[in-house]
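J.: Sequence plus predicted model, see below.
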Amino acid sequence: MPFLGKAAVAMWWNMAPEHREEFEDWHSHEHFPERMAIPGFLRGSRWAHADGGERFFVMYELDDYATLTSSTYRERLNNPTPWSTQMMPRHQGMVRSQCRVLHSAGGGISRFALTLRLSPAEGRETALQNHLAEAATTFTTQPGGAALHLLATQTPDTPPTLEQQIRGGKDAAADWIVVAMSYAAEALEALQRGALSQAQMLAHGARPGGITGMYQLSYTLAAQDLR
């Protein structure tokens, strides 16, 4: 099964070690179930940085882009629970991207995820997307390859939410995002050295300055799990 739905929320942040145990408890037992109860939210997944650092990557798969501006979702963002209100300021270095899905190959959720945040050079969007689509097909049909998705940030024109204000103001956002998943870290490392290398990205239309990260699955929850 490819990416669930046509839209996504992709987020990165740091969580200090002294808050990590409570964060994972809250995120797994309150926050994820709350989000998965919102119509249009299909699956949420959380990965921790593979080297044991403070960085987390979280992705929500949504049925449609309109879910991002739905009244139910906005109501939750503007009425955080007491526990959420306590936890939100502890999210440091927040990058939160509200996205459309440009391409998806493979499917499922795997143990390891590689993320690449990048931007296309002016006039090179089609060339870059074609390269990434070809890379996705190749990767997901080779040993180790499970899924590769390409997302493009399109931030809705909506007022800042109370959750954002609690975190300290406007969140940063990525531009284009590649999320590759594998049951073998070596397959992602090879992908990073090959089709997703800086040289290949520049050659096929990306701007310099892409940001990569390797993560290991911590928890995942689907809307159907709540039924």
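T.: In hand now; what should we look at?
J.: Against E24, how distant is A180?
T.: 24 Å (C-beta to C-beta, to the nearest Å). C-beta: built from backbone N, CA, C; applies to glycine.
J.: more crowded one of these two?
T.: For A180 versus E24, neighbours defined as other C-beta atoms under 10 Å are more numerous around A180 (30 against 16).
J.: who's the more buried one bridged to?
T.: Beta bridges link A180 to L114, L148 when assigned by DSSP bridges.
J.: so it makes contact with S104?
T.: No - using C-beta atoms under 8 Å as the test, A180 is too far from S104 to be in contact (11.4 Å).
J.: could you pull out the helices for this protein?
T.: 17-26, 32-36, 71-77, 82-87, 125-140, 162-167, 185-193, 198-203 (DSSP state H).
J.: so which of those helices gets nearest Q216?
T.: Closest of these to Q216 is helix 185-193, at 8.2 Å (criterion: C-beta to C-beta).
J.: which residues sit against that closest one?
T.: 50, 112-114, 135, 139, 142-145, 180, 182, 212, 214 (C-beta atoms under 8 Å, 6 or more residues apart in numbering).
J.: Equivalent analysis for stretch 56-74, please.
T.: 3-15, 35, 38-49, 98, 100, 113, 115, 154, 156, 158, 161, 179, 213, 215, 218.
J.: cool, and stretch 133-147?
T.: 2-3, 103-110, 148-150, 179-184, 186-188, 190-191, 195-196.
J.: What of stretch 148-162?
T.: Residues contacting stretch 148-162 (C-beta under 8 Å, 6+ apart): 2-3, 8, 10, 65, 68-69, 74, 77-80, 97-106, 129, 132-133, 135-136, 139-140, 169-170, 173-181.
J.: Please apply the same query to stretch 17-29.
T.: The contact list for stretch 17-29 (C-beta under 8 Å, 6+ apart) reads 15, 46, 54, 83-84, 87, 90, 218-219, 221.
J.: if you set the cut-off to 6 Å instead, what comes out?
T.: Stretch 17-29 has contacts (C-beta atoms under 6 Å, 6 or more residues apart in numbering) with 15, 83, 87, 90, 219.
J.: Now that we have those residues, which of them are buried?
T.: By neighbour count, with 16 or more other C-beta atoms under 10 Å, the contacts of stretch 17-29 hold 15, 87, 90 as buried.
J.: Just give the nearest non-adjacent residue to the last one, would you?
T.: Translated: R90. Excluding its sequence neighbours, the residue lying closest to R90 (C-beta to C-beta, 6 or more residues apart in numbering) is H19, at 4.9 Å.
J.: same check, this time on the first one
T.: Using C-beta to C-beta, 6+ apart and skipping residues adjacent in sequence, the residue nearest M15 is F23, 5.0 Å away.
J.: Next, find the distance separating the one you found from Y215.
T.: 15 Å.
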